[in-house]
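Sequence plus predicted model, see below.
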Amino acid sequence: MTDDHDELKPEDMVPERVERFAMTVGSVWREARVSCPHADILLAFQQDSLDAGQMAYVRFHVEDAACPYCQAVLEDLGRERAPDADAPLENFRERLRSSTIHVLREKRGRDSK
């Protein structure tokens with residue numbers, strides 16, 4: 001016993017119509033990012049601080065499934081955590097400290113005259 005709406009009609013098989021509605025589970029999952037771990041999980045993965053099962057899943061998701069979204073997040077996290085990421089800030093702090101010392105010494109010299 002089949003319902004009329006369950007039967008595939010020849011007019012439904014027009015290539016343009018099939019292509020327009022064609023989708024896969026994978027494309028829906030990728031579009032909705034259903035299987036993507038949260039950024040905190042990706043950070044823990046990068047720090048190698050997940051348990052073995054979690055590490056295996058994230059590794060599969062990022063490396064084998066090659067999720068471009070999670071790869072981009074990991075790349076951003078890696079850039080933020082790079083050892084030289086604080087170098088520009090440290091250079092700024094040093095210049096600020098030096099200029100402050102210089103200004104204070106000049107002020108002290110003018111005040112003592």
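Noted; the coordinates are in hand. Residues are numbered from 1 along each chain as shown.

Burial check on residue 106, number of neighbours?
The local packing of residue 106 (other Cβ atoms under 10 Å) involves 10 other residues. (Each C-beta comes from the backbone N, C-alpha and C, glycine too.)

check contacts around the residue positioned nearest the centre of the chain.
The residue lying closest to the centre of the chain (Cα atoms, centre = their mean) is residue 73, at 1.5 Å. Residues near residue 73 by Cβ atoms under 8 Å, 6 or more residues apart in numbering: 39, 42.

How about the host helix or strand of it, which residues are buried there?
Per DSSP states H and E: residue 73 is located in helix 68-80. By neighbour count on 16 or more other Cβ atoms under 10 Å, the buried set for helix 68-80 is 70, 73-74, 77.

Turn those into a markdown table, columns for pLDDT and distance to residue 55.
Shown next, in a markdown table, are the buried residues of helix 68-80 (pLDDT from 0 to 100; distance: Cβ to Cβ, whole Å):
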| residue | pLDDT | distance to residue 55 |
| --- | --- | --- |
| 70 | 94 | 14 |
| 73 | 94 | 16 |
| 74 | 95 | 13 |
| 77 | 90 | 16 |
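
what domains does the record give for this protein?
15-81, 85-113 (automatic domain parsing).

what's the most distant pair in the buried residues of helix 68-80?
Within those, 70 and 77 form the most distant pair, 10.2 Å apart (Cβ to Cβ).

returning to what we had before: hey, which of the domains of the chain is tucked in deepest?
Highest mean neighbour count among the domains of the chain (mean count of other Cβ atoms under 10 Å): domain 15-81, with a mean of 13.

For residue 34, give me its contacts.
residue 28.

Next, work out how far apart it and residue 25 are.
10 Å (Cβ to Cβ, to the nearest Å).

swap in residue 70?
In terms of Cβ to Cβ, residue 70 sits 18 Å off from residue 25.

cool, residue 63 as well?
When residue 63 is compared with residue 25 (using Cβ to Cβ), they lie 21 Å apart.
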